[in-house]
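Asker: model this:
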Amino acid sequence: MTSLRAFTEIVGADHAMIGADTARWAQDWTGAYIGAPGVVLRPADTAQVAAILRKASELRLSVTPVSGNTGLVGGAHTTGGVLLSLDRMSAIREVNPRARTATVEAGVILSSLQEAAEAQGLIFPLTFGARGSAMIGGVLSTNAGGSNVLRYGNARDLCLGLEAVLADGRVVNLMSAVHKDNSGLDLRNLLIGAEGQLGVITAAVLKLSRKPRAHATAMVAVPALPDALDLLNRLNDVSGGAVEAFEYMPRVYIQTHLDRVAGAKPPFNEMHDVNILVELGATAERDATPAADGKTPITALLEQELGALLDTGKLLDATVAQSEAQRAEIWARREAAAELTFWRKPVIDTDIAVPLDLVPRFLEMADARVTAQDPAAEPFYIAHLGDGNVHYSVYPSDDSPALKDSIVTIIEDVVTELGGAFSAEHGVGQSKLATMRRRKDPTALAMMRRIKQALDPQGILNPGKTIPD
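Answerer: Numbers count the residues shown, from 1 in each chain. Below is the predicted model of the structure:
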């Protein structure tokens, strides 16, 4: 109780929760990770975060930061420790349209930042299904990706500067808005993607981009997955790199969407094995000004290229959105991915990346080996095909830890053989600790542990996550 009183003095009685009042933070979105925080603290500013960490360091209490609680790997849960919610730190301090930057606090919801940028004719391009609840602190801590990485990069690429509080309560101010800074080690990028292991991110300076004046969006079907990569390269070449999204949805995904989502419509009159969502964005007025028929040049270009491919047989089908409502319908199909994956249990969820041209090979090898191990297993996946990131899930025949471990090991084997990464955008958290132990280069792990020890010698920041013992 002494520690609770000390923390209450920092954040106020209304923002220090114990017992049943911590329930909303105790379980993750998937339901797979359930914690029991000793106390949930909701600081109002960086000074309160620093005071909390000083007190936690003094008392040797673990501190786990949490933002929107939309993670899929159990990275923001604790039992008995301090859960540090950044949700009250939700100020958008500045949107600078001339420099095209935004200065925000860690608790800003992604969609709120996007709305503030849009009011200035700009975008913060990072986007994914949980944008209405995910917060900037969590986005940066996991180096989140999403559907626009192909053109704009992931969270690390969109951050110019940040502020963080270290384990002992010291504040490191890296809130620079410059695009070039070679003054020593890149501490900003060390903190991004560290999942709260090295410090608690409290604010950031983020890059904004010109809002596209027009989009051209389509669902297309190709004979085989390698044909999709040819399509991606062709569209990027003819559009000058305007492809923003290139998302792969196999037949089983489309069918599941039709079965599970009320009112869902098929993308084509007949079912196809390889279905691609492609979107181009036009920022130049010449590409976005409608012609006499009301069609924008970027849409005309997309239709022209797809039509030429249909004539050669390299494309089986295509539906180009003719309105914002049709575009929204196409995107709703893709953004239902998390719900379509996790409605069925048990599920083994992985988040891998391989070189773009090896995605077909990965799927072929993984499917064959997984079903050889468990003949009743059913693979289910979707991919950010433009950056080689595959969300490869499996519904195994039973929920035994041994079977799960064997299937995950098989997937790791394939990823390793193809020179890929076993964690692409969701983070490591708890779910990939065993994989880190098995697959991460031992010297790299040793370096991570040394850095962790140097910045958090008592090991109080988010213990039991990301870096295996």
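
Asker: hey, where'd the helices end up in the stretch 1-150 of the chain?
Answerer: 2-11, 23-26, 46-59, 110-118, 136-141, 149-152 (DSSP state H, counting those that start in this stretch).

Asker: winner for burial among these?
Answerer: Each of the helices of the stretch 1-150 of the chain was scored by mean neighbour count; the highest is helix 136-141, a mean of 31, by mean count of other C-beta atoms under 10 Å. Quick note: C-beta positions are derived from backbone N, CA and C, even for glycine.

Asker: quick one: mean pLDDT over that helix.
Answerer: Across helix 136-141, pLDDT averages out at 96.

Asker: what's it in contact with?
Answerer: 65-68, 70-71, 75-76, 86, 89, 104-108, 110, 113, 126, 144, 155-156, 159, 162, 191-196, 200-202, 204, 206, 427 (C-beta atoms under 8 Å, 6 or more residues apart in numbering).

Asker: domains in the chain, by residue range?
Answerer: For the chain, the structural domains run 2-85, 92-210, 214-334, 344-426, going by automatic domain parsing.

Asker: is Asn269 in a helix, a strand, or coil?
Answerer: coil (DSSP: H, G, I helix; E, B strand; the rest coil).

Asker: out of the helices of the stretch 1-150 of the chain, flag the one nearest Tyr33.
Answerer: The closest of the helices of the stretch 1-150 of the chain to Tyr33 is helix 23-26. By C-beta to C-beta, the value is 9.2 Å.

Asker: now the helices of the stretch 1-150 of the chain as TSV including distance to Ala300?
Answerer: Formatted as TSV, those follow (distance: least, C-beta to C-beta, whole Å):
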stretch	distance to Ala300
helix 2-11	56
helix 23-26	49
helix 46-59	50
helix 110-118	25
helix 136-141	35
helix 149-152	20
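
Asker: who wins for proximity to Arg210 among the ones you listed?
Answerer: Of the helices of the stretch 1-150 of the chain, nearest to Arg210 by C-beta to C-beta is helix 110-118, at 10.3 Å.

Asker: list the helices and strands the closest one packs on?
Answerer: strand 92-96, strand 101-105, helix 136-141 (3 or more C-beta pairs under 8 Å, 6 or more residues apart in numbering; DSSP states H and E).

Asker: contacts for that helix, please.
Answerer: 68, 90, 92, 95, 102, 104, 123-124, 126-127, 130-132, 134-136, 139, 206, 208, 211.

Asker: can you say which of these are buried?
Answerer: Buried by 16 or more other C-beta atoms under 10 Å: 68, 92, 95, 102, 104, 123-124, 126-127, 130-131, 134-136, 139, 206, 208, out of these.

Asker: okay, now the unreliable bits of the chain?
Answerer: Low-confidence segments of the chain (pLDDT under 70): 1-2.
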